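A.B. asks: Sequence and computational prediction follow.
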Amino acid sequence: MRSIRKISNTFSLLKIFFAIFLFSKIVLANNTNETNLSILERLPTSIFATVNNDPISIYDLIQRSNLFSVSSKIPINEQFETNILPDLISGYIDEIIKRQEIKRLGITVSNEQIQNIVSEIEKENGFKKGEFKEYLKDNKTDISILEKQLETSIGWRQLVSNKFRNQVIIQDSEVETILTKLKSSIGKEEFLIEQIFLSFEDKKENEVLNNIRNLHKQVTSGGDFISISKQFSDSFGGKVGNIGWISELDLDPKIVNEVKKIEIKKLSQPLKGENGYFIIKVLDKKIIGDELIGEVSLYKFELIEKNEEINLLLKKIKNCDELVEFSNKYATTDSGSLGKLKFNELPSNIRSVVKKMNKNEISDVLETESENFQLMLCDVKKTKTIIPSKFKITEILMNKKLDTIARQYMSELRTKAIIDVRI
């Protein structure tokens, strides 16, 4: 499930606290009082901590843990409490600090904005309207937790924009530099990526490295990459999780060579960049300037029998209309048109075959566990790479600068915050 969008940071205080807490569990193993219980097993009404006098209850932590567990596919167990919960708590503290600042500056977020995103999440995960809420309820959490996170995320972006946008100046020379860079990127590689990014600009690098290694372990153990990214990633260039297509010239220069080595659908080890650590997943690669396949029309068929006469007839077929007549005589009954399909939504093995085909060309036999079939490419729609306008480039630069300012601003607010851990 791909649901939660927020920035999370880990406090040294919480790391020290959890180390002491786990040690005390061992020492007090024979005691029957509540100090022997794990955090999530404590009395739900107990106060875990206060942030500028706003309380965090054990119930809050249970609800957020359940929501993250459902979305990330990471079960709640002792390992979860040791490796994941401290970062969840840190992220929740950040959320409270942001919410306090949003309230102080009078920023309001409409319920319509929140529900629009909830609707997108429902569709993205195959739920009908209203089913998502019941799904979360069945998994011992509540949609209000997600709605509150979304409200904070939207409000924070609005706050940063309102407060700092007029202070950011984008020089014409900056835009021209990017424009020249984009034009020179024609012929270079471009990567469709998802990423987890943890900044060490305002944190101890060794702590960030330990955190990124832990997240890598969670993903390789079956955790959902996008959910983990949205929960724990710092923003990089204004984006979290699904980054989209990015040129090799726009990648952090320290990780470019490593990203080029990553196979499609594979995951990198933690990579050290200029300002933080990355985990990169490459979904696809292409050469900038090449035409992109947007939509294809395919005809799928399986021959009833194979012999020289049928193969000769097949070679004479010039288009899908002729293939339909041929299939009525020589192909199985489940053969037929697959209709118009988005190229990026095709299975990877089909994409790799179709990508090399010309219109009205028939593929070799594709073998799967259940069937052996062939495809004809009936139609294909391609688009050429378009260099962004100066206006679009200005917006990209603005978002990157606001993203940096937002991290610095959050660091200042965090430094001033009074956090009292009570358990």
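C.D. replies: Alright, I've got the coordinates. For clarity, every value in this text was computed on a predicted model and none was experimentally measured.

A.B. asks: Pull out the buried positions in the helix or strand containing residue 328.
C.D. replies: For residue 328, the host element (DSSP states H and E) is helix 320-330. By neighbour count on 16 or more other CB atoms under 10 Å, the buried set for helix 320-330 is 320, 323-324, 326-327, 330. For the C-beta atoms, the positions are set from N, CA and C on the backbone; glycine is no exception.

A.B. asks: Give me the packing partners of it, helices and strands only.
C.D. replies: With contacts defined as 3 or more CB pairs under 8 Å, 6 or more residues apart in numbering; DSSP states H and E, the packing partners of helix 320-330 are strand 292-301, helix 308-315, strand 336-342, strand 372-383.

A.B. asks: Residue 125 is nearest to which of those?
C.D. replies: In terms of CB to CB, the element of the helices and strands packed on helix 320-330 nearest to residue 125 is strand 336-342, at 18.4 Å.

A.B. asks: Which neighbouring elements make contact with the closest one?
C.D. replies: strand 292-301, helix 320-330.

A.B. asks: host element of residue 132?
C.D. replies: Per DSSP H and E: helix 131-138 holds residue 132.

A.B. asks: Roughly how far does the nearest residue to residue 408 once chain neighbours are set aside sit from residue 409?
C.D. replies: Leaving aside its chain neighbours, residue 408 sits nearest to residue 202 (7.4 Å; criterion: CB to CB, 6 or more residues apart in numbering). To residue 409, residue 202 is 11 Å away according to CB to CB, to the nearest Å.

A.B. asks: between the two, which one's more packed in?
C.D. replies: residue 409 (18 against 14; other CB atoms under 10 Å).

A.B. asks: Spit out the contact partners of that one.
C.D. replies: 160, 163-164 (CB atoms under 8 Å, 6 or more residues apart in numbering).

A.B. asks: Among the residues you listed, pick out the one closest to residue 296, please.
C.D. replies: Distance to residue 296, by CB to CB, is smallest for residue 160 among the contacts of residue 409, at 41.1 Å.

A.B. asks: Residue ranges in this structure under the pLDDT threshold?
C.D. replies: 1-36, 236-239, 385 (pLDDT under 70).

A.B. asks: residue contacts, the closest residue to residue 42 other than its chain neighbours?
C.D. replies: Once flanking residues are discounted, residue 42 sits nearest to residue 58: 4.8 Å by CB to CB, 6+ apart. By CB under 8 Å, 6+ apart, residue 58 lies in contact with 39-40, 42-48, 423.

A.B. asks: and the residue nearest the centre of the chain, what are its bridge partners?
C.D. replies: Closest to where the C-alpha atoms of the chain average out (CA atoms, centre = their mean) is residue 241, at 2.7 Å. Beta-bridge partners recorded for residue 241 (DSSP bridges): residue 195.

A.B. asks: Next up, identify which helix or strand residue 230 is on.
C.D. replies: Following DSSP H and E, the helix or strand that holds residue 230 is helix 225-232.

A.B. asks: Show me how far the single longest helix found in the chain is from its chain's centre.
C.D. replies: What stands out as the longest helix in the chain, according to DSSP state H, is helix 390-416. Distance, stretch centre to chain centre, for helix 390-416: 20 Å (CA atoms, centre = their mean, to the nearest Å).
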